[in-house]
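Student: Generate coordinates for the sequence data below:
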Amino acid sequence: MTEIERLALITAFLAAVVAAGLSLSLVPHVELVTLVVFCAGIVLGSGRGAAVGAAGMALYVFANSAARGFPPSPLPLLTAQAMGMALPGVIGGVWRRWWLWDGRPRRAALLALPLIGF
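Tutor: Next comes the predicted model:
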């Protein structure tokens with residue numbers, strides 16, 4: 001994968017994070033942002049998945065506050081939200097390495113998805 005393709009995937013995942021968050025923000029108990037960040041970790045790896053999670057959460061917080069007319073989160077809270085959303089990206093990258101450990105998909109990794117919340 002070239003660097004341009006990787007950058008395009010990162011921006012697509014960032015847009016998906018914001019779109020998933022804003023489109024379902026009024027539906028109670030439904031949240032797809034974590035799933036999108038987990039998938040970014042699977043596709044892009046742990047480091048880039050974590051970056052997508054942190055940057056996506058920061059973008060979502062600012063977009064949500066602008067759309068609803070509220071002030072954005074204070075900086076310590078925004079930092080904690082970004083760090084918390086980076087974790088599913090890291091877990092997605094780790095899960096991908098476990099899933100394709102010896103070059104072929106492992107059935108145990110697929111069966112473990114409900115245990116980790118997906």
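Student: Let me know the outermost residue of the chain.
Tutor: Going by C-alpha atoms, centre = their mean, the residue of the chain most distant from its centre is Asp102, 25.6 Å out.
Student: Over to that one. Which of the three states is it?
Tutor: Per DSSP: H, G, I helix; E, B strand; the rest coil, the local secondary structure of Asp102 is coil.
Student: measure it to Ala109 for me?
Tutor: Using C-beta to C-beta, to the nearest Å, we find Asp102 at a distance of 12 Å from Ala109. Yep, even glycine has a C-beta here, placed from its N, CA and C like the rest.
Student: go on, Ala67?
Tutor: On the measure of C-beta to C-beta, Ala67 and Ala109 end up 37 Å apart.
Student: Give me the more crowded residue out of those two.
Tutor: More crowded of Ala67 and Ala109, by other C-beta atoms under 10 Å: Ala109, with 15 against 10.
Student: so the most centrally placed residue in the chain is in which element?
Tutor: By C-alpha atoms, centre = their mean, the chain has its centre lying nearest to Val37, at 1.4 Å. Assessed by DSSP states H and E, Val37 sits inside helix 33-44.
Student: contacts for whichever helix or strand comes after that helix?
Tutor: In the C-terminal direction, the helix or strand that comes right after helix 33-44 (DSSP H and E) is helix 46-68. Outside helix 46-68, the residues within contact range by C-beta atoms under 8 Å, 6 or more residues apart in numbering are 6, 10, 13-14, 17-18, 21-22, 25, 33, 36-38, 40-44, 70-73, 78, 81-90, 92-94.
Student: same question for helix 46-68, mean pLDDT?
Tutor: Helix 46-68 carries an average pLDDT of 93.
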